[in-house]
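**Student:** below are the sequence and a predicted model; questions follow.
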Amino acid sequence: MPELPEVETVRRGLEPYVAGARIVSVELRRPDLRFPLPATFAETLTGATVIAAERRAKYLLFRLSNGATWLSHLGMTGAYRFADFDFKTPSRYYEPTAAEKHDHVRLHLDHPVHGEMLLIYNDARRFGFMDLFEDDAASAYLKDLGPEPLSNAFSAQSMAERFSRRIAPMKAVLLDQRVVAGLGNIYVSEALHRAHIRPEREAGSLVRPDGSPDPALERLAVAVRDVLNEAIAAGGSTLRDFRNADGGSGYFQHSFSVYDREGEPCPTPGCDGTISRIVQSGRSSFFCPRCQH
DNA sequence: CCACTAACCTGTAGGC
DNA sequence: TGCCTACAGGTTAGTG
């Protein structure tokens, strides 16, 4: 479900409430999500204060006062929400809302300003996962990630270095988190359309013999940055069920140029093409056969 | 190292 | 309404 803009939207929604909050107790309603939760998960979180809510690629990173980092990946359907409960009863022994279907982790928080809160992680398909570590460098999940697309480390040159001699299609290579960290199925289609590059194009064909990036890669670097920034500004995209922590939905889906728009006219000015859908590595790609080469 | 497939799990939309 | 199939925003494990 969530790509970089959606995860960033979740992070921004959570941060004001979780940063500074003490984790009073942890309810694990099952021992695993996609993978088993760390054996020490509940005991490590309990009693700790959340210092900050950060993001790397599609990972949420909660920095804790005891030195641990709690990592959370939302998979396809993971979502955080705060439960409604009776704020009118000024007691710490509130009756929290009963757990709903697929509520897997519930954290009872106490914040110096916001008071008691119940933060819930819900994930129908359970493709999400959580982990704990002391140093980012020790995390297998973070170790091989490519540059953050909104940082200076990402550029046409950084892509060229990783595309060199690769025969895989652009679509597959941009989904590879070791190349750029945070793109997913939606934003790859959108960025390739803006850069006028076909998703089937062989990645290595965009690198010159001397290793420098083709002009199309320069366009792509700009397109990736632009589309992600615009999506973040719109609060992400809501296709089926994406919700930010306030229960609100994003609205970038109204700005899609090609994603899920098979059969519609290409929005590129002066282009009279029609959006096509193809399947690559088992997933849909959308593009305009007229203005993408 | 690279390219590709299958698998994980549940819900929903569409065809008949 | 019921049944069946296809598909869904992601990542990993396993195969050549």
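**Tutor:** It's in.
**Student:** so where is the stretch 1-150 of chain A shaky, pLDDT-wise?
**Tutor:** Within the stretch 1-150 of chain A, the stretches with pLDDT under 70 are A:1, A:84-96.
**Student:** let's see 80
**Tutor:** A:1, A:84-97 (pLDDT under 80).
**Student:** helices of that one, residue ranges please.
**Tutor:** A:4-18, A:41-45, A:140-143 (DSSP state H, counting those that start in this stretch).
**Student:** and those, which is most packed in?
**Tutor:** Mean neighbours per residue, mean count of other Cβ atoms under 10 Å, is largest over those for helix A:4-18, with a mean of 22. C-beta here means a position set from N, CA and C on the backbone, and glycine is covered the same way.
**Student:** which elements pack onto that one?
**Tutor:** Under the contact definition 3 or more Cβ pairs under 8 Å, 6 or more residues apart in numbering; DSSP states H and E, helix A:4-18 sits against strand A:50-56, strand A:59-64, strand A:78-82, strand A:103-111, strand A:115-123, helix A:215-233.
**Student:** check which residues of stretch A:160-173 are buried.
**Tutor:** Neighbour counts over stretch A:160-173 (16 or more other Cβ atoms under 10 Å) mark A:160, A:162-163, A:166, A:168-173 as buried.
**Student:** so which of the helices and strands packed on helix A:4-18 gets nearest A:Phe133?
**Tutor:** strand A:59-64 (9.7 Å; Cβ to Cβ).
**Student:** which other helices and strands contact that closest one?
**Tutor:** Partner elements for strand A:59-64 (3+ Cβ pairs under 8 Å, 6+ apart): helix A:4-18, strand A:50-56, strand A:69-73.
**Student:** quick one, what contacts the closest residue to DNA strand B within the stretch 1-150 of chain A?
**Tutor:** The minimum distance from the stretch 1-150 of chain A to DNA strand B, using Cβ to the nearest atom of the strand, falls at A:Arg125 (3.3 Å). Listed by Cβ atoms under 8 Å, 6 or more residues apart in numbering, the contact set of A:Arg125 reads A:75-77.
**Student:** got JSON lines for those residues, with neighbour count and distance to DNA strand B too?
**Tutor:** As requested, the contacts of A:Arg125 are exported to JSON lines (neighbours: other Cβ atoms under 10 Å; distance: Cβ to the nearest atom of the strand, whole Å):
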{"residue": "A:Gly75", "neighbour count": "18", "distance to DNA strand B": "8"}
{"residue": "A:Met76", "neighbour count": "15", "distance to DNA strand B": "7"}
{"residue": "A:Thr77", "neighbour count": "18", "distance to DNA strand B": "7"}
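**Student:** cool, thanks, talk later.
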